[in-house]
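Asker: Predicted coordinates and the sequence they were generated for:
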Amino acid sequence: MASERLSPDLVDLPSAAVPALLRGAKGCCPRCGEARLFAKWLKPVDHCAHCGQDWSLQRADDFPAYIGIFVVGHLLAPVVIAMIATWHLSAALTLAITLPVAVVMLVAMLQPSKGAVIAFMWWQGIGAFRQERRVPEDLRE
C-alpha cells in the first residue's frame, strides 16, 4: 500500500516538460524520478513507491501505439523504398525482411512511449491529474 502523497516541496519536480517526458520514457515516475512507473511491461503501478503519486488515474489508451506506428512507419519507409528501388528486391522478400523488423521496433517503443504519454498527461494536468510546477528559488519564502 502506498504511503501518503508527498508535498511538491518534498519532491524533486521536473523543471520543464522535457525532463518529465524523459523520466516517463525511461520508466521512472515523472513526478519524482525515483521509483519505477511500470509494474509490468505496459501496466503502470497504482501509486509511486517514493512520492505516492496515484498513477491509476492515467488513461493513455491507444495513443502510445499510434506514436509507435507513426515513428516506425516513418523510419522504415525509406528503407523499404531503397530495398525495392535500389536493390531491386521482390515485394515478398522486402516484406519478409521489414515485417519482423517493424514488429520488433514497435514492441521496443511501446513502453517508453506509454511512459512519455503518461508523463505528458501528468505535466499538463490532463484528465484526473493535477498540474504541479516547481516554485523558483527566488520566489520561495
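Answerer: Cool, got the structure.
Asker: Next one: the residue located most distally from the centre of the chain relative to residue 26, how far apart?
Answerer: Most distant residue from the mean C-alpha position of the chain: residue 88, 37.4 Å away (Cα atoms, centre = their mean). Remark: distance between residue 88 and residue 26 (Cβ to Cβ, to the nearest Å) = 42 Å. The way it works is simple: take the backbone N, C-alpha and C, and place the C-beta from them, glycine included.
Asker: Also residue 91?
Answerer: For residue 91, the distance to residue 26 - Cβ to Cβ - is 38 Å.
Asker: so who does residue 94 touch?
Answerer: 80, 83, 84 (Cβ atoms under 8 Å, 6 or more residues apart in numbering).
Asker: go again using 10 Å as the cut-off
Answerer: 79, 80, 81, 82, 83, 84, 87 (Cβ atoms under 10 Å, 6 or more residues apart in numbering).
Asker: What count of nearby residues applies to the last one?
Answerer: For residue 87, the count of nearby residues is 9 (other Cβ atoms under 10 Å).
Asker: so which strand or helix has it?
Answerer: With elements taken from DSSP states H and E, nothing contains residue 87; it lies in neither a helix nor a strand.
Asker: Spit out the contact partners of it.
Answerer: 93, 94.
Asker: Give me the pLDDT value at it.
Answerer: We note a pLDDT of 94 for residue 87 in this prediction.
Asker: swap in the first one?
Answerer: In the predicted model, residue 79 carries a pLDDT score of 95.
Asker: For this protein, give me the ranges with low pLDDT.
Answerer: 1-3, 135-141 (pLDDT under 70).
Asker: Go again with 90.
Answerer: 1-12, 15, 57, 127-128, 130-141 (pLDDT under 90).
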